[in-house]
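Engineer: coords below, sequence missing:
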């Protein structure tokens, strides 16, 4: 028996980078949170504190900023691929790189109905995301979104579930369905026009949520993933976490009032945890695509 | 010398209330965070644990939910006035009530360009707020917004400041100006059409931020308040907290690159704290309007 | 009628400063979050963008770091007074300064029972705080603590409250009492031995919470303040916010189980809001002590 | 090609449960955050909204509360095993259950030096954790801790790293080393005396952090894991995430001051990400132990 080093990675997390494209009078803003991680032969650093293979996390951060100036950002997937490729190609002992990016959305401020050239307001909590894993010569791209809060005030039922000794929940044919979607979809290949694809997948997920008459949050989730896969052959697989953010009808009977699905309380915790994968049965092997991606089954 | 009880208040904080207006096929959603506080003669509870004057915080919460059913919500200011009035009128020893409401915004989901009847997405971090203080027969209304993040990528200078032994900052004629606005405005009187007023004040603040060529964040703040007061005679006073969310140019010279206002890092802390009041010189007395309102000078 | 500038302040918020005293082999760690704000004649910056009076927030930050090196930290109250005094004395148009400090606690790591010379673990969420206001020649000191979470599993009753149409709460002679204490106490004068005083007031508050048989959270709060004022003549006034963090007994009857005060659920929101002031009837005038201190009645 | 359902799980997340053992005059408090997830044949719910296999998340929550009353809590690992076993045994279509528990620490309040019978203060941000996966007849136990913030003010070097075009970092033989440890260790078998084991592993990790003269955070991490594995043969594997929480020396030269490792600024982001696994080379197969455990390589 011996004690050995297992899988490991290191990098710089949460590099906050804002890029302004000022090549014309109409500025374009890109606001990112970039995290890097390198994989390879870093045994000596762990075993003896020999750092000769450790490309510092400070240098990784500098590279992110310098590449933003040198090459611009473009689509976050392309920026991540460029960064990952650079790290893997820079030293022989670096086999893999994982670049994770969150993009914050901004809207142009409207002044008298006209979009302003260089004034913006932050669009909210939703982020566009990507996790790119460069592994030797290959690149794996998982894109997604987070912080998308959706709600239907009707068109959701929940009944027909089994009843054990601990089941007290009443069946319902009309409830509020609310969730905060985290979705990640894996592309087949790494050479896509990622901007329109993101817009398309996002719109498909959201409109499917709205359109499906829901019998279970699981069913809604599956239909959303299925719709994205049907519409976009570039996508191999969709993984989603869609917590059930409960809205409970308040009992107003003690006050002589009915409550026909009008007044709800919305507790923070606990919440339902609903997570699933929808994929093509001939999806290519994911390789390291999902390694260290948090919070998914 | 004696030890005595000073100012005090108690209530229920952060009652999360969702109201669905389903009177027609097109549902309307109202999503609130309501906090109540009562003032009056509660000395016995403090001094001897005699609760005969303590309207329980649980009952206060029940009242919020019951009133939402009985009267609907309407504008948050009107809902707050109705609640505050009720508490002050309910027992002789309750002199005052402070009702604070945050309203979360939701957008209708567009399906094929058409707004959906009953499916919504959360609009982001910005909230509409009100703090209503009912004091005896009077009601004081302070409305506002929070979480509004704004940024200009040019049109902001900062120079001409004094230099002491600890000043190292360079002057600049072009910088990113970014802030997260918390604004609160006090109305003259309590009988307004609060919905259009909110929309109007908000739009005035935002478009003024965009339009003013800024020499100081203080100047931008003042102009925003001044514009709101000029446009809306119903408003007596505007208080704003507009932290300077710094964006620092990254030094790329070590990598042989220039950086002509293109690549920025955005640290979390520290940040500038800029707070000021803009008001009419003949504004009526605020009374208890600002008592216990957090974070304002 | 004219529109005018009202009260205003500006400074640098949340300067994270760690100081290591390495004058001997046993290191001493001081970990602070410092915020500054200046008051005075800053009208020109607001009205015309003339910054000739604006001591930059960057310089304020530099001053904090430089003073830490020059003078050390010592007690946070003394450090704040020194900083505030400096700002007010540095330029004739600066009348006042408000220095707010949070101090994080660290424990020495024990290795084989022996406290380590230079290895520490963070002690938790509780912070020691101070808000010092230098106003012309005077200094006002408000010290305190935040994030102190306390709980009694018995020794707390709640009954005898009035019942209106919205009261459904049952009376109880045994409940869990839990709260997160934010306390601020105002000193008489600014020349105290602040370290032992902090320790003494804190211990008095905590042990009084434990000892008092509670009939109302208001009564517990009052007794805590009263005990601090009785024990420490240097203290003029104590203000406390002690939210009632509800613990509700879970109804286990549907599962054939009793629940004699054993199993509780602990919701996040809503919570009770209990805030009060306890003071000497001959307390000196607070002046600007409480100006812009958040969350107190 | 067809679109199919992949891995999925559902349950109730963040059930806040407080248990009071009042069998004697000295109360014992257990404060938990419990999350459940079930795995098995839930295809019908996803594909057609048929819920006949869906044991509701509400029933899962009820089970947690009821089991706390019926069996008490004991060690969190044993409580999790009991819950997971119950779910897997309750219906033939449930193959697996994943129970995740966080435990918050409380200290007894000292009154005059004596620990109080029933008054407690929350011990801080650190939590004891477990993730138990029941898979058919087997149970896998991963225990750990989170939120443990450690700092060494000396005894840490960093030099000898490679320098590429983007490396500007200076080498150092003395720096602050600070981190927030998340550690998870996998046990061999599920029948241990988990309380003393937790205390032992935790103390080994912390004292090793203090004792090791650090040449790299990777080396410190490895030594900590190695020490735990050496001391506790019950442990097969340790995975740790130890972000490098940077402390940067402030440049005080512009103010005529030196700074011999005394005054530091502590930024929030970015931070180093250091993650690694230390394990026995004959460790038994982990099975589903690590499935859906967030944030580990």
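Structural biologist: That came in fine, so what should we check first? Owing to the predicted nature of the structure, the values given are computational and were not obtained by experimental measurement. Numbers count the residues shown, from 1 in each chain, chains lettered A, B, ... in the order given.

Engineer: quick check: residue A:84 touching residue A:99?
Structural biologist: Yes. With contact defined as CB atoms under 8 Å, residue A:84 counts as touching residue A:99 (4.8 Å). Yep, even glycine has a C-beta here, placed from its N, CA and C like the rest.

Engineer: more crowded one of those two?
Structural biologist: Shown here are residue A:84 and residue A:99; by other CB atoms under 10 Å in any protein chain shown, residue A:99 has more neighbours (28 against 24).

Engineer: so the more buried one bridges to which residues?
Structural biologist: Here residue A:99 sits in beta bridges with residue A:36, residue A:132, going by DSSP bridges.

Engineer: and it, what does it touch?
Structural biologist: Residues near residue A:99 by CB atoms under 8 Å, 6 or more residues apart in numbering or on different chains: A:34-37, A:80-81, A:83-84, A:130-132, A:134.

Engineer: do a quick rundown of the helices in the stretch 101-250 of chain A.
Structural biologist: Applying DSSP state H, counting those that start in this stretch to the stretch 101-250 of chain A gives helices spanning A:194-211, A:217-231.

Engineer: comparing the ones you listed, which comes out most buried?
Structural biologist: Neighbour counts (mean count of other CB atoms under 10 Å in any protein chain shown) averaged over each of the helices of the stretch 101-250 of chain A peak at helix A:217-231, with a mean of 23.

Engineer: okay, the angle between it and helix A:194-211?
Structural biologist: 140 degrees (axes from the mean of the first three to the mean of the last three CA atoms, to 10 degrees).

Engineer: same list (the contacts of residue A:99) but as JSON lines, adding pLDDT.
Structural biologist: Converted to JSON lines, the contacts of residue A:99 look like this (pLDDT from 0 to 100):
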{"residue": "A:34", "pLDDT": "98"}
{"residue": "A:35", "pLDDT": "98"}
{"residue": "A:36", "pLDDT": "98"}
{"residue": "A:37", "pLDDT": "98"}
{"residue": "A:80", "pLDDT": "98"}
{"residue": "A:81", "pLDDT": "98"}
{"residue": "A:83", "pLDDT": "98"}
{"residue": "A:84", "pLDDT": "98"}
{"residue": "A:130", "pLDDT": "98"}
{"residue": "A:131", "pLDDT": "97"}
{"residue": "A:132", "pLDDT": "98"}
{"residue": "A:134", "pLDDT": "98"}
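
Engineer: phi first, then psi, for residue A:82.
Structural biologist: phi -60, psi -40 (degrees, to the nearest 10).

Engineer: count the neighbours of it for me.
Structural biologist: 17.

Engineer: surely it touches residue A:67?
Structural biologist: Yes. Between residue A:82 and residue A:67 there is a contact at 6.3 Å, judged by CB under 8 Å.

Engineer: now the strands for the stretch 51-200 of chain A?
Structural biologist: Here the stretch 51-200 of chain A has its strands, by DSSP state E, counting those that start in this stretch, at A:94-111, A:114-135, A:138-152, A:177-187.

Engineer: name the helices or strands packed onto the last one?
Structural biologist: The elements that strand A:177-187 packs onto, with contact taken as 3 or more CB pairs under 8 Å, 6 or more residues apart in numbering or on different chains; DSSP states H and E, are strand A:138-152, helix A:194-211, helix A:217-231, strand A:235-241.

Engineer: skipping its backbone neighbours, what lies nearest residue A:18 in space?
Structural biologist: Leaving aside its chain neighbours, residue A:18 sits nearest to residue B:264 (4.3 Å; criterion: CB to CB, 6 or more residues apart in numbering or on different chains).

Engineer: I figured that neighbour was touching residue A:15, is that so?
Structural biologist: No. Residue B:264 lies out of contact with residue A:15 (CB under 8 Å); the separation is 11.6 Å.

Engineer: ok, residue A:181 - contacts?
Structural biologist: Residues in contact with residue A:181 (CB under 8 Å, 6+ apart) are A:145-146, A:148-150, A:205, A:209, A:240-242.

Engineer: quick one, which of those residues are buried?
Structural biologist: A:145-146, A:148-150, A:205, A:209, A:240-242 (16 or more other CB atoms under 10 Å in any protein chain shown).

Engineer: turn the contacts of residue A:181 into CSV, columns for pLDDT.
Structural biologist: Shown next, in CSV, are those (pLDDT from 0 to 100):
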residue, pLDDT
A:145, 98
A:146, 98
A:148, 98
A:149, 98
A:150, 98
A:205, 98
A:209, 98
A:240, 98
A:241, 97
A:242, 98
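
Engineer: out of those residues, the closest to chain C would be?
Structural biologist: residue A:149 (17.1 Å; CB to the nearest CB).

Engineer: identify the residues contacting the closest one.
Structural biologist: Per CB under 8 Å, 6+ apart, neighbours of residue A:149: A:125-126, A:178-181, A:245, B:121-122.

Engineer: residues of stretch A:46-63 that come out buried?
Structural biologist: Neighbour count says stretch A:46-63 has A:46, A:49-51, A:53-63 buried, by 16+ other CB under 10 Å.

Engineer: if we can go back for a sec, so which of the helices of the stretch 101-250 of chain A is nearest residue A:254?
Structural biologist: Proximity to residue A:254 (CB to CB) singles out helix A:217-231 among the helices of the stretch 101-250 of chain A, at 30.6 Å.

Engineer: centre of the chain to the closest one, how far?
Structural biologist: Relative to the chain's own centre, helix A:217-231 is displaced by 16 Å; criterion: CA atoms, centre = their mean, to the nearest Å.

Engineer: any idea of the angle that helix forms with strand A:235-241?
Structural biologist: 160 degrees.
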